[in-house]
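# fold the stuff below for me.
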Amino acid sequence: MPTGDTHDSVTEMAKAYAQRAVGQARDYHAVLDYSENSLMELEVILSQISDAEQSPDQVTETCKLWGSYLGEVVRKQFGGEWSVEPYPGKQFSTLTLTVNGSKLFPSMKIHRRLTQGEGENIWSFYKMIKSRLDATPRTIH
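Below you'll find the predicted structure:
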């Protein structure tokens, strides 16, 4: 389990990336306000980004940026804790959001959206998460 300082620094990093995403959304003529519906805007942005050539480092940064925004929308709706944890079955760690015992890997979802296309739609993904989390008792913050 991460220490308080580690947890706080990961949370602050995720929030900072999400805030940068809000700023960069303006470049795509989109407004991101951390609402559920803003994820439809995010899907439009990702559609545009997936058409652009990016280096591996740019893809990594893109995934952290928009994945943090996706995770912050989920966190604002359902609570949760940020951490950096090993990705299941892989030899690397990634930004992880734990909500009611479920682990979400928003940066990896963004990566799949960018590399595998519209079948990995962010809005559809969020609706699936929401239906699962709505069915789970939780504490409101």
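
# ok, residue 114 to residue 96 distance?
To residue 96, residue 114 is 19 Å away according to CB to CB, to the nearest Å. Any C-beta I mention is one placed from the backbone N, CA and C, and that applies to glycine too.

# no wait, residue 10
To residue 96, residue 10 is 9 Å away according to CB to CB.

# any shared contact partners between these two?
Here residue 10 and residue 96 have 82, 83, 84 as joint contacts, going by CB atoms under 8 Å, 6 or more residues apart in numbering.

# ok now the least confident helix or strand in the chain by mean pLDDT, how far from the chain's centre?
In the chain, no helix or strand scores lower on mean pLDDT, DSSP states H and E than helix 4-25, which sits at a mean of 90. In terms of CA atoms, centre = their mean, to the nearest Å, the centre of helix 4-25 is set 11 Å apart from its chain centre.

# please export the C-alpha coordinates of the helix or strand following it as CSV.
Once helix 4-25 ends, the next helix or strand along the chain (criterion: DSSP states H and E) is helix 38-50. What follows is helix 38-50, C-alpha atoms only, in CSV (Å, rounded to 0.1, in the frame of the first residue of the first chain):
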residue,chain,number,x,y,z
SER,A,38,-17.6,16.1,-21.2
LEU,A,39,-16.4,12.6,-22.0
MET,A,40,-18.3,12.8,-25.3
GLU,A,41,-16.1,15.8,-26.0
LEU,A,42,-13.1,13.8,-25.0
GLU,A,43,-14.1,11.1,-27.5
VAL,A,44,-14.2,13.7,-30.3
ILE,A,45,-10.7,15.0,-29.3
LEU,A,46,-9.3,11.4,-29.2
SER,A,47,-10.8,10.8,-32.7
GLN,A,48,-8.8,13.7,-34.0
ILE,A,49,-5.7,12.7,-32.1
SER,A,50,-5.8,9.2,-33.4
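
# all set, thanks.
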